[in-house]
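A.B. asks: show me how the following folds:
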Amino acid sequence: MAYIDANLIKNETLLYRGEVTLWALLPWVIWGVIVGAITAGLGLLLIPFGYFVIRSNEAGITDRRVIAKTGIIKRDTIEIGLNKVSSLQIKQSIAGRILGYGSLIICDVGASRAPIKYIKDPMAFRRRFFELQEENDVK
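C.D. replies: Numbers count the residues shown, from 1 in each chain. Below you'll find the model as predicted:
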């Protein structure tokens, strides 16, 4: 069960989930093959490790807040009310622009920052966030 699903509060609904892209695994595969060629295959262990690192990132928008989590063993989470988010930034490398992934940086009014890497189509996440924030302000 995903962190977000396990931590919804009573009567809270997940409205949008930022999916992690598997394109982010490409550098792990490349380095795994290179190191594997040098170390008689041991470098190939980087590939499943990279997969778990990438899949440990989560971001979602509920009807009340934005929830984000990174990390497998060491966990970093941030949960900010929809009306408390001061900005939602997107960072994309050239490869990220071409392949359609990037990092979300969620900031609240207290200057907390939460970077969430490898999110597929981060522009759609940001667009959906602002739509939901506007709907929440209207209520």
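A.B. asks: report the central residue of this protein.
C.D. replies: Ranked by distance to the mean C-alpha position of the chain (Cα atoms, centre = their mean), the top residue is I116 at 3.9 Å.
A.B. asks: my guess is that residue contacts L104. True?
C.D. replies: Yes: taking Cβ atoms under 8 Å as the definition, I116 is a contact partner of L104 at 4.6 Å. All C-beta atoms are positioned from the backbone trio N, CA, C, and that covers glycine.
A.B. asks: overlap of the contact sets of these two?
C.D. replies: Counting by Cβ atoms under 8 Å, 6 or more residues apart in numbering, the residues touching both I116 and L104 are G18, A59, A68.
A.B. asks: show only the entries of the residues you listed found in strands.
C.D. replies: Judged by DSSP state E, strands contain the following of these: G18, A59, A68.
A.B. asks: show me what the first one bridges to in the sheet.
C.D. replies: Meaning G18. Beta-bridge pairing for G18 (DSSP bridges): A59.
A.B. asks: hmm, back to that, which one of the shared contacts of I116 and L104 sits closest to D121?
C.D. replies: Set against D121, the nearest of the shared contacts of I116 and L104 by Cβ to Cβ is G18 (8.3 Å).
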